[in-house]
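> Below: sequence and its predicted model.
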Amino acid sequence: MRTSACTGGGAFCRKGGLVRLIPALGRNYKVPEKFRVKTYHVAEKAGMVWLS
């Protein structure tokens, strides 16, 4: 499964916005399952990134 990293806070998120790791809190911190970030549909077209 693909994981994305937040450049601002460093959190690592999976598809659907599920946060898996928050480095500032340490690898042993258990992130609650209900803790998610807002997601957007993203597409690349004509050399640009589009959000919808």
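Right, received. Where do you want to start? Computed from a prediction, not measured in an experiment: that's the story for all the values here.
> From here on, just use CA atoms for contacts and neighbour counts.
Will do.
> now this structure, which segments are flagged as low pLDDT?
1-3, 7-9 (pLDDT under 70).
> residue boundaries of the strands in it?
3-5, 12-14, 19-21, 42-45, 48-51 (DSSP state E).
> Out of those strands, indicate the one that is most buried.
Of all those, strand 19-21 has the most neighbours on average by mean count of other Cα atoms under 10 Å, namely a mean of 20.
> tell me, what residue is most central in the protein?
In the chain, the C-alpha nearest the mean C-alpha coordinate belongs to Cys13, at 3.0 Å (Cα atoms, centre = their mean).
> How about that residue, nearest residue that isn't a chain neighbour?
Excluding the flanking residues, the one nearest Cys13 by Cα to Cα, 6 or more residues apart in numbering is Val19, at 4.3 Å.
> And Leu21, how far from Arg36?
Distance from Leu21 to Arg36, counting by Cα to Cα, to the nearest Å: 11 Å.
> still on that earlier bit, make sure the residue nearest to Cys13 is actually in contact with Lys30.
No. Look at Val19 against Lys30 with Cα atoms under 8 Å: they stay out of range, at 10.2 Å.
> Tell me how far the residue of the chain most remote from its centre lies from Cys13.
Using Cα atoms, centre = their mean, the residue of the chain lying farthest from its centre is Ala46. It sits 24.7 Å away. According to Cα to Cα, Ala46 stands 27 Å off from Cys13.
> repeat for Ala43
For Ala43, the distance to Cys13 - Cα to Cα - is 18 Å.
> Next one: Lys45 from Ser52, what distance?
13 Å.
> Ok, Leu21 next?
For Leu21, the distance to Ser52 - Cα to Cα - is 26 Å.
> can you check Lys38 too?
In terms of Cα to Cα, Lys38 sits 12 Å off from Ser52.
> Residues that sit against both of these two, list them.
Common contact partners of Lys38 and Ser52 (Cα atoms under 8 Å, 6 or more residues apart in numbering): none.
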